[in-house]
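[1] predicted structure and sequence below. I'll ask about it afterward.
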Amino acid sequence: MKQENFDVRETIETKQESSGFKPTPAFIGTSWIALGTGLISYCIGLWHADMLLNEKGYYFVVLLFGLFSAISVQKCVRDKSEGIPVTDIYYGISWFTTIASVVLLVVGLRNADLALSEKGFYGMSFTLALFASIAVQKNTRDLKAFNEK
């Protein structure tokens, strides 16, 4: 039984070394374009929005908070899968803050005096930016690991 586990681990390691974890240029470019699209459209929407400056600041900080939190979750999940120690408290806080950023956006938009189309716009550009930030961080880490070999 122990020999079988070793063989499986050796096969996985060999497969990982041969693939190199190098993301394709198309995936890297698409990830950056998606991140730029989400961030720029969200910020342009805020710039042109008919709301008080403190409201604009709230939505901008929620975006930054969400981006940082989502990247932290991705890093924790990746570290755990690679056997790098991650404390449970940091892992839990990362998930909590990611969920909190989404809840803060939803509550803010629910209470905002905006058209439903504007609320949808902010929700979609926020979601796009969060997803793309995870992809960009993954690509950055994969490229660094590939170049260190």
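    Looks like it came in fine.

[2] okay, buried residues for the lengthiest helix in the chain please.
    Determined from DSSP state H, the single longest helix within the chain is helix 116-148. For helix 116-148, burial by neighbour count (16 or more other Cβ atoms under 10 Å) applies to 118-119, 121-122, 125-126, 128-130, 132-139, 141-142. To be clear about C-beta, it is placed using only N, CA and C from the backbone, and glycine gets the same treatment.

[3] likewise stretch 61-78?
    62-63, 65-67, 69-76, 78.

[4] show me where this protein has helices.
    2-19, 25-48, 53-81, 88-111, 116-148.

[5] and the last one, what does it pack onto?
    Spelled out, that is helix 116-148. Packing contacts for helix 116-148, counted by 3 or more Cβ pairs under 8 Å, 6 or more residues apart in numbering; DSSP states H and E, involve helix 25-48, helix 53-81, helix 88-111.

[6] follow-up on the earlier one: mean pLDDT added to the helices of the chain, as JSON lines?
    Shown next, in JSON lines, are the helices of the chain (pLDDT from 0 to 100):
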{"stretch": "helix 2-19", "mean pLDDT": "48"}
{"stretch": "helix 25-48", "mean pLDDT": "95"}
{"stretch": "helix 53-81", "mean pLDDT": "94"}
{"stretch": "helix 88-111", "mean pLDDT": "96"}
{"stretch": "helix 116-148", "mean pLDDT": "92"}
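
[7] ok, for the residue positioned nearest the centre of the chain, nearest residue in space, not its chain neighbours?
    Using Cα atoms, centre = their mean, the residue of the chain that lies closest to the mean C-alpha position is Ile134, 2.9 Å off. Distance criterion Cβ to Cβ, 6 or more residues apart in numbering; nearest residue to Ile134, sequence neighbours excluded, is Gln74 at 4.6 Å.

[8] for Cys43, which non-adjacent residue is spatially closest?
    Phe60 (7.4 Å).

[9] could you do Ser41 as well?
    Ser125 (4.6 Å).

[10] just checking, the one you found touches Leu46?
    No - Ser125 lies out of contact with Leu46 (Cβ atoms under 8 Å); the separation is 9.8 Å.

[11] burial count for Phe27?
    Number of residues near Phe27 (other Cβ atoms under 10 Å) recorded here: 13.

[12] so who does the closest residue to it other than its chain neighbours touch?
    Closest residue in space to Phe27, ignoring its immediate chain neighbours: Asn139 at 6.7 Å, by Cβ to Cβ, 6+ apart. If you count contacts by Cβ atoms under 8 Å, 6 or more residues apart in numbering, Asn139 has them with 23, 27-28, 31.
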